[in-house]
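> Pasting the sequence and the predicted coordinates here, then a few questions.
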Protein chains: 4
Amino acid sequence: MPQCKLYSREHQKDSTVVKVGDVSIGDGTVVVIAGPCSVENREQLVGLSVQIKEMGVNVLRGGAFKPRTSPYDFQGLGLEGLKILAEAREASGLPVITEVMDIRQMDLVCRYADIIQIGSRNMQNTPLLREAGKTDKPVMLKRGLSSTLEEWLLAAEYILMNGNKQVILCERGIRSFETYTRNTFDINAIPAIKHLSHLPLIADPSHGTGRRELVGPVATAALAAGADGIMIEVHPDPSKALSDGAQSLRPQEFKDMMNGLRNFRLLFDKKVSA
Amino acid sequence: MPQCKLYSREHQKDSTVVKVGDVSIGDGTVVVIAGPCSVENREQLVGLSVQIKEMGVNVLRGGAFKPRTSPYDFQGLGLEGLKILAEAREASGLPVITEVMDIRQMDLVCRYADIIQIGSRNMQNTPLLREAGKTDKPVMLKRGLSSTLEEWLLAAEYILMNGNKQVILCERGIRSFETYTRNTFDINAIPAIKHLSHLPLIADPSHGTGRRELVGPVATAALAAGADGIMIEVHPDPSKALSDGAQSLRPQEFKDMMNGLRNFRLLFDKKVSA
Amino acid sequence: MPQCKLYSREHQKDSTVVKVGDVSIGDGTVVVIAGPCSVENREQLVGLSVQIKEMGVNVLRGGAFKPRTSPYDFQGLGLEGLKILAEAREASGLPVITEVMDIRQMDLVCRYADIIQIGSRNMQNTPLLREAGKTDKPVMLKRGLSSTLEEWLLAAEYILMNGNKQVILCERGIRSFETYTRNTFDINAIPAIKHLSHLPLIADPSHGTGRRELVGPVATAALAAGADGIMIEVHPDPSKALSDGAQSLRPQEFKDMMNGLRNFRLLFDKKVSA
Amino acid sequence: MPQCKLYSREHQKDSTVVKVGDVSIGDGTVVVIAGPCSVENREQLVGLSVQIKEMGVNVLRGGAFKPRTSPYDFQGLGLEGLKILAEAREASGLPVITEVMDIRQMDLVCRYADIIQIGSRNMQNTPLLREAGKTDKPVMLKRGLSSTLEEWLLAAEYILMNGNKQVILCERGIRSFETYTRNTFDINAIPAIKHLSHLPLIADPSHGTGRRELVGPVATAALAAGADGIMIEVHPDPSKALSDGAQSLRPQEFKDMMNGLRNFRLLFDKKVSA
């Protein structure tokens, strides 16, 4: 066993910076990832990607393979969804992040994605973590629904120890007794992780709150606490979204939030990356 | 979408009985699954299997592929572990249950196991659930660490809807704020699941408590609440166990527990299966 | 500071037995406390008390001062409720337990009650605990909604150290993420508390589950795990109850449960106290 | 029952502003409450109060009556503590906030305090809430350890409906499974409460994290999310504190944090009250 964990500040003092095209995650700039929960159709995504690029977004998100609680819910467009993501990248110039759920689809997803995402439900799917550790793509690892910080960092270790150093952590809220919000966004985790680890950290206030009206304030709070970026669900018409409608912002709401954040970024001496 | 879920009592009024050799799970008898957390070596497992068979055990457990929080912890013997399980089955006559974690090993595990187990960390690994649904082996699905009853039953649905009706549920404790015990065994879940679903239900008080001295009382409680059986970790020398030592019973402790349960089974008009 | 806590098995090896009239709590018999959540009117309670006495109940419960989440909910009949309890005691011969919430009413409640109850919301109301420690009445201390075992036992210590040794603990479920049940009955707590402390322990599956159909199985489980008794909410017409209707048994349901438990008590070599 | 709750935005659209001497809580300025967990001695508190006043503190905190988990821990100086608080107010010019735990001490505490605090353990101590509702002092109501937002607001309603409209809410972290931090600061609660209620809201990152190094980032985050102020534990020598040492800032650390926040306040167009 190594003297200290690969994820730790003891192992590596300087913060890891993950580069994706022109985007640097973890270098002091604020990175904004945005897009719909699921890729639903070509027109929706391509148009939206161009629109949000202009609002200052750095990375486009969209799920092609969707992990769903019920097998009767929409499971994603699969390969078709990946192709639409590629078209949106072409149109907008934004790199794309999308989730991989099945180890057998790792190569396929890597062919289309600029960043691969491992979701909360798979945070301890160790074969998937190990395979992600063998790719050359940055991996964003979401915290499990009821994972401690230590468990989360040890899950990252499965990726790091297999050779892939481009790991990004994503705090997306934990499960608590509170029912007013979908999850409890763990703001403490942000400075705690920055203290324990050199890995960059993205906040997902969309899942962390589950309510549209709370997304902006919690995104701002996460950046104030030291997050390297935010991931926000945006949908042209949330009332018709196939998943996560209640927590998705409309484009205009997202634009307003971005304008508010622009001042915020300046204050904290962060370069405005968009 | 179907009118009612396949797991539900509305869909199927009569309780499902899963048959594994001579053992019936869900028919009113009490089934006892026991063995070490991990398969560690041939001598240990073969000897133990014969010993616990005589104490009334119906199914032998033992992990060959181990999901571990840390990548530096013992990860199981893999194929070698499966072969040892097969030898122990030969020696004792007990059917064996072991965990499958990796979809690519489904065929391999099915070749050796009589029942395949899907662990808590993989409860929402939907590709794994779907593949388990295509095998002809009974599947024991453990509840996720912070899964609601509904999420657990919907995970079972992923198996059932792929054609495999032989699904056994396993309550193994949930994560709460309490730190004295490893998990909080959710006794409410037992009558609740029997009310909502026709699937058989096994209780795992070893993981549910994490403390040796609590295993017997909670096992008894689980049967009193209506569980169809119990799964107990037994190790010849828990102080040397490669995993879960603190919650493993010594063979003599297990024997004493079984003697206590024998009266209990009679009381509840359950056939004594051993 | 003392060498060891007054609540602990180290301080006192033999189990404490609390005596209330003819009833002994903690001596190996199973004690059954039952009655409505709130005292609602004279006819209801007096009739019910006689009826449940015949079914084997040992102590009558009923709230006169009710701690409620909302100030607009029924807050109890107060002194009038205490008087009705006294009448029901007269009619049935059952000792009564009722809650004290306000330190200024301690004397008043002690004048009417045979056992005083401190509820979950007041588990760490230390002035109330200290005053309860100065009375000569047995005190039943319910576990707080999110109290660890240690916090609960230390709350009991506030009573014990003020001179009152007649403390009864009551496990009533903890708050978890599960929403199907009102609380998560912590079955682990029963053997754990019996291990750590000499104090008698009552299980409250009515609050512990919040659902009528789960009360009987969880009551049985609690006794199987080693509880010294159970406390059950019974109401002549739960649909009209002013509080806790969904978890209250109808008298006939309660009778059926008691008949089931009678066999159970015999099995465990407990004297049948009723 | 009223048409809508007194705490709600439906009942009162404009935000409540609580005035304490020159300090306004809820008017858009950022209020800073600071001081030691417990009042320990005259020299400590008087000196510290003058020192932190100069750093921009608006209100001095210090506990004279301490609710403690163990009866063997320091329980506070009582009346002597209140007198020391009054001296510190005299010396520094800062209004003081201190906790009331016992209904019998309400008058006494009101004689010395400018704001009375009701702690987490007493959030549902309804007699105490009602009495606080009859005083003419502002009341700061801390959220219970595992209280939902609705339960917290309904506890405030007990105060409001008794005539006292000067209620301040205080988010101080909730109990979750995470053990790295003492509590999980619920950042979601801040915009949610501002949405649901007109009452001012203070954040307590000292209890919300339990770790000194996390206090500053979480304080900043809470203000970014919309809190009206923060409450911070500061101690001249945390290693010797009689309570909460691990989460108390040293004066120099506090000063650094305040300097950081000063920029922050400007950004958000809040008047700098110090």
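Perfect, I can see it now.
> Can you report phi and psi for the residue lying closest to A:Ile52 once chain neighbours are set aside?
Of all residues beyond its chain neighbours, the one nearest A:Ile52 is A:Ala34 (5.2 Å), with distances taken as C-beta to C-beta, 6 or more residues apart in numbering or on different chains. Where C-beta positions appear, they are placed from N, C-alpha and C, glycine not excepted. Backbone geometry at A:Ala34, expressed as degrees, to the nearest 10, gives phi -150, psi 160.
> ok, A:Ala34 - contacts?
Contact partners of A:Ala34, counting by C-beta atoms under 8 Å, 6 or more residues apart in numbering or on different chains, are A:Ile52, A:Val57, A:Val59, A:Leu60, A:Arg61, A:Met231, A:Ile232, A:Glu233, A:Val234, A:Phe254.
> if I look at A:Ala203, how far off is B:Cys37?
A:Ala203 sits 37 Å away from B:Cys37, taking C-beta to C-beta, to the nearest Å as the criterion.
> Next up, the contacts around the nearest residue in space to A:Arg111 that is not next to it in sequence.
Nearest residue to A:Arg111, sequence neighbours excluded (C-beta to C-beta, 6+ apart): A:Leu82, at 7.9 Å. Contacts here follow C-beta under 8 Å, 6+ apart; on that basis A:Leu82 touches A:Ala64, A:Thr98, A:Leu108, A:Val109, A:Arg111, A:Tyr112, A:Ala113.
> Give me the distance from the helix or strand hosting A:Leu82 to the chain's centre.
Using DSSP states H and E, the element containing A:Leu82 is helix A:79-92. On the basis of C-alpha atoms, centre = their mean, to the nearest Å, helix A:79-92 sits 18 Å off its chain's mean C-alpha point.
> Using CSV, write down the CA coordinates of that helix.
Presented in CSV, the C-alpha positions along helix A:79-92 are these (Å, rounded to 0.1, in the frame of the first residue of the first chain):
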residue,chain,number,x,y,z
LEU,A,79,-25.8,5.9,-29.6
GLU,A,80,-28.2,8.3,-31.3
GLY,A,81,-27.8,10.6,-28.3
LEU,A,82,-24.0,10.5,-28.6
LYS,A,83,-24.2,11.5,-32.3
ILE,A,84,-26.4,14.4,-31.5
LEU,A,85,-23.9,15.5,-28.8
ALA,A,86,-21.2,15.4,-31.5
GLU,A,87,-23.3,17.6,-33.8
ALA,A,88,-23.9,20.1,-31.0
ARG,A,89,-20.2,20.2,-30.3
GLU,A,90,-19.6,20.9,-34.0
ALA,A,91,-22.2,23.6,-34.0
SER,A,92,-21.2,25.4,-30.8
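> quick one: is the helix or strand just after it near chain B?
Past helix A:79-92, heading to the C-terminal end, the next element that is a helix or strand (DSSP H and E) is strand A:96-99. No. Contact between strand A:96-99 and chain B, assessed by C-beta under 8 Å from any C-beta of the partner chain, is absent, since the two come no nearer than 11.8 Å.
> got the contact list for strand A:96-99?
Identification of contacts with strand A:96-99 by C-beta under 8 Å, 6+ apart yields A:33, A:39, A:59-67, A:81-82, A:85-86, A:88-89, A:109, A:112-119, A:140.
> Pairing partners for it, with directions?
Strand A:96-99 has these partner strands in its sheet, going by DSSP bridges: strand A:59-61 (parallel), strand A:115-118 (parallel).
> from the ones you listed, which stretch is densest packed?
A comparison of those by mean neighbour count, using mean count of other C-beta atoms under 10 Å in any protein chain shown, puts strand A:59-61 on top with a mean of 26.
> what mean pLDDT would you report for that strand?
Confidence over strand A:59-61 (mean pLDDT, whole number) is 98.
> Need the residues that contact it.
Counting by C-beta under 8 Å, 6+ apart, strand A:59-61 makes contact with A:20, A:23, A:31-36, A:49, A:52-53, A:85, A:88-89, A:92, A:94-98, A:114-115, A:117, A:231, A:233, all of which sit outside it.
> mind checking how far that strand is from the chain centre?
Counting by C-alpha atoms, centre = their mean, strand A:59-61 is centred 9 Å from the centre of its parent chain.
> Would you list the buried entries among the contacts of A:Leu82?
Buried residues within these, counting neighbours by 16 or more other C-beta atoms under 10 Å in any protein chain shown: A:Ala64, A:Thr98, A:Leu108, A:Val109, A:Tyr112, A:Ala113.
> Please tell me how far the last one sits from chain B.
This means A:Ala113. Here A:Ala113 is placed at a distance of 18 Å from chain B (C-beta to the nearest C-beta, to the nearest Å).
> Quick check: that residue touching A:Lys83?
No. Using C-beta atoms under 8 Å as the test, A:Ala113 is too far from A:Lys83 to be in contact (12.0 Å).
> residues contacting the residue nearest to A:Asp228 when sequence neighbours are not counted?
With C-beta to C-beta, 6+ apart as the measure, A:Pro200 is the residue that lies nearest to A:Asp228, at 4.4 Å, once sequence neighbours are left out. Contacts were defined as C-beta under 8 Å, 6+ apart; by that measure A:Pro200 touches A:Ser15, A:Thr16, A:Val17, A:Val18, A:Ile25, A:Gly26, A:Ile168, A:Leu169, A:Asp228, A:Gly229.
> Equivalent analysis for A:Arg9, please.
By C-beta under 8 Å, 6+ apart, the residues touching A:Arg9 are A:His195, A:Leu196, A:Ser197, A:His198.
> near chain D, which of these show up?
A:His195.
> out of the contacts of A:Arg9, which is most surrounded?
A:Ser197 (25 neighbours; other C-beta atoms under 10 Å in any protein chain shown).
> and the gap between that residue and chain B?
Remark: distance between A:Ser197 and chain B (C-beta to the nearest C-beta) = 15 Å.
> Equivalent analysis for A:Ser243, please.
When C-beta to the nearest C-beta is applied, the distance between A:Ser243 and chain B equals 14 Å.
> how big is the angle separating the helix or strand bottoming out on mean pLDDT in chain A from helix D:251-267?
Ranked by mean pLDDT, DSSP states H and E, the weakest helix or strand in chain A is helix A:251-267, scoring a mean of 82. Between the direction of helix A:251-267 and that of helix D:251-267, the angle (axes from the mean of the first three to the mean of the last three C-alpha atoms, to 10 degrees) works out to 130 degrees.
> returning to what we had before: and the helix holding A:Leu82, what's buried?
Along helix A:79-92, these residues count as buried under the neighbour rule (16+ other C-beta under 10 Å): A:Gly81, A:Leu82, A:Ile84, A:Leu85, A:Ala88, A:Arg89, A:Ser92.
> give the contact list for the residue nearest to the fifth one when sequence neighbours are not counted.
Using C-beta to C-beta, 6+ apart and skipping the chain neighbours, the partner closest in space to A:Ala88 is A:Ser49 (3.9 Å). When the contact criterion is C-beta under 8 Å, 6+ apart, the partners of A:Ser49 are A:Gly35, A:Leu60, A:Ala88, A:Arg89, A:Ala91, A:Ser92, A:Leu94.
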